[in-house]
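Asks: Next come a sequence and a model predicted from it.
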Amino acid sequence: MRLCHALLVPLASAALLVPGPFGPYDVSMKVQALADTSRRDPLDPTGLSPARRLLLSVFLPVEKQRRSCPPIMVPYMTDPVAAFYGQQAAEYGISADFYAEFEMQLCDLKKLPACASTKQRKKEYPLILFDPGLAESRLIYGAMARSLASQGYIVVSVDHPFEVPAVEFPDGTIIEGIDVDDTDLSILRNILSIRTADISFVIDQLANKTIMDPLMADFPGTPDFTQLAMWGHSFGGATSASVLHSDSRLRAGLNLDGMLIDPIMNTNITKPFVLAGQLDHTSQDPSWDQFWPHLVGQGMQIGFNHTLHGAFKDILLLLSVVDIPREIREAIQEVLGTINPYQLDSGLNGVLTAFFDLLFRSQTAPLLHLPERFSNVSIVRSNL
């Protein structure tokens, strides 16, 4: 449903602040570019890219001292990405500058007291990878990634150039996206294969001292590679299943409302895996029913009440800080659902942390008791 431009919602002249996370940790964030020189970029339409380039956001949990970590404000999105999503916002009567107006507060590691950043023995944190939906930027999930990091996890989100609207690298290079036909299964299989290789390369580089030493500079912690898991939204959820099958270093995965395709849809998964999404996901997508018998390891399907596919991005949270006319809000609810964004954030973090308790602590109770803790969460089926 699209609304006329007469309903365009103006924004305040001052920058808008992305609502902060509720976890016990402050969160810092660093951006890291990678280049896989072992392969040419298979998605570059010119065929001229000598290497497959990737871009990461690395969210780092910082233990709170007597006072909060010195804050730093950063743009929520780069300009090219904000412009792309701004076009979508304008279709619903919201200013095209909507995303460009937001800033996100982070911990400034460089201003941490020396005792917090260098003298203490570095604490190990589980390492969690996040993969976005098809043709989606990692940046539209930035608040969600920061929120999980505030629970005490190092979270790494990944951009896959050419299939996303735009990727702006720290050196100023901008890679524009190409049109991806999401109805062509052969194209989707090819992209799934590319993404799977991308993520395995990311895991390689996160264990590369040359990359990690500067990335972890000033951070009073370190990743624990024995506690490596992954989740993804939409096509990123299919990627999570694919990497879990192909890469022995990954211990578990979670698919957030994503359709599965061959070959992973009919592949046995022996490690823990969770399907989470809309409560009635299987009524719209038969791939989960086809995939379920192949979860020969620990598995569960979890439903979030009052959500639609688009709810599992930052959009609901961002909209919560602006006044929106009823007509526009109702149109948006037809795409995102009616769930309160703070309840969704709490429930999603509850699902993820309970899943990691199963994985890293062999505790099933937190997962099984989720509906008692979160009214918007239901267990659809389980083989725990």
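Replies: Perfect, I can see it now.

Asks: Residue 380 against residue 301, yeah?
Replies: Yes - applying Cβ atoms under 8 Å as the test, residue 380 and residue 301 come out as touching, 4.1 Å apart. No exception for glycine: its C-beta is placed from N, CA and C like everyone else's.

Asks: So which of those two has more stuff around it?
Replies: For the pair residue 380 and residue 301, the greater number of neighbours falls to residue 301 (22 against 17), based on other Cβ atoms under 10 Å.

Asks: what are the ranges of the strands in the chain?
Replies: Secondary structure of the chain, counting by DSSP state E: strands at 16-17, 25-36, 52-63, 71-75, 102-107, 123-131, 154-159, 166-168, 174-176, 221-233, 252-256, 273-278, 299-304, 377-382.

Asks: Direction included, what does the first one pair against?
Replies: Partner strands and pairing direction for strand 16-17 (DSSP bridges) are strand 102-107 (parallel).

Asks: How about the second one?
Replies: For strand 25-36, the pairing partners within the sheet under DSSP bridges are strand 52-63 (antiparallel).

Asks: The partner strand: which residues count as buried?
Replies: Taking 16 or more other Cβ atoms under 10 Å as the neighbour-count basis, strand 52-63 is seen to contain the buried residues 52-62.

Asks: Just the mean pLDDT for that strand, thanks.
Replies: Per-residue confidence for strand 52-63 averages out to 98 on the pLDDT scale.

Asks: Could you tell me the angle between that strand and strand 123-131?
Replies: Strand 52-63 and strand 123-131 are oriented at 140 degrees to each other (axes from the mean of the first three to the mean of the last three Cα atoms, to 10 degrees).

Asks: Now do strand 52-63 against strand 154-159, angle only.
Replies: Using the same axes, to 10 degrees, strand 52-63 lies at 150 degrees relative to strand 154-159.

Asks: Reformat the strands of the chain as TSV; add distance to residue 146.
Replies: Output for the strands of the chain, formatted as TSV (distance: least, Cβ to Cβ, whole Å):
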stretch	distance to residue 146
strand 16-17	13
strand 25-36	5
strand 52-63	5
strand 71-75	11
strand 102-107	7
strand 123-131	11
strand 154-159	8
strand 166-168	19
strand 174-176	24
strand 221-233	15
strand 252-256	16
strand 273-278	19
strand 299-304	20
strand 377-382	21
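
Asks: Out of these, which one sits most buried?
Replies: With neighbours defined by mean count of other Cβ atoms under 10 Å, none of the strands of the chain is more surrounded on average than strand 252-256, at a mean of 28.

Asks: Residue 271: neighbour count?
Replies: Residue 271 is surrounded by 19 other residues when neighbours are defined as other Cβ under 10 Å.

Asks: does it really touch residue 248, like I thought?
Replies: No - with the criterion set as Cβ under 8 Å, residue 271 and residue 248 do not qualify as a contacting pair; they are 9.4 Å apart.

Asks: contacting residues around residue 278?
Replies: The neighbourhood of residue 278, defined by Cβ atoms under 8 Å, 6 or more residues apart in numbering, consists of 257, 284, 303-304, 307-309, 337.

Asks: Can you turn the buried part of those residues into a PyMOL selection?
Replies: Typed into PyMOL, the line below selects the buried ones among the contacts of residue 278, using 16+ other Cβ under 10 Å:
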select buried, resi 257+303+304+307+308+309+337
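
Asks: Now, the contacts of residue 278 that are in helices?
Replies: Judged by DSSP state H, helices contain the following of the contacts of residue 278: residue 284.

Asks: Greatest separation within the contacts of residue 278: which pair is it?
Replies: Using Cβ to Cβ, the contacts of residue 278 reach their maximum pairwise distance at 284 and 304, which is 14.2 Å.

Asks: now the helices for the protein?
Replies: Remark: helices assigned in the chain by DSSP H are 79-91, 114, 142-149, 185-206, 209-215, 235-246, 281-284, 287-291, 315-319, 326-336, 341-361, 365-368, 370-373.
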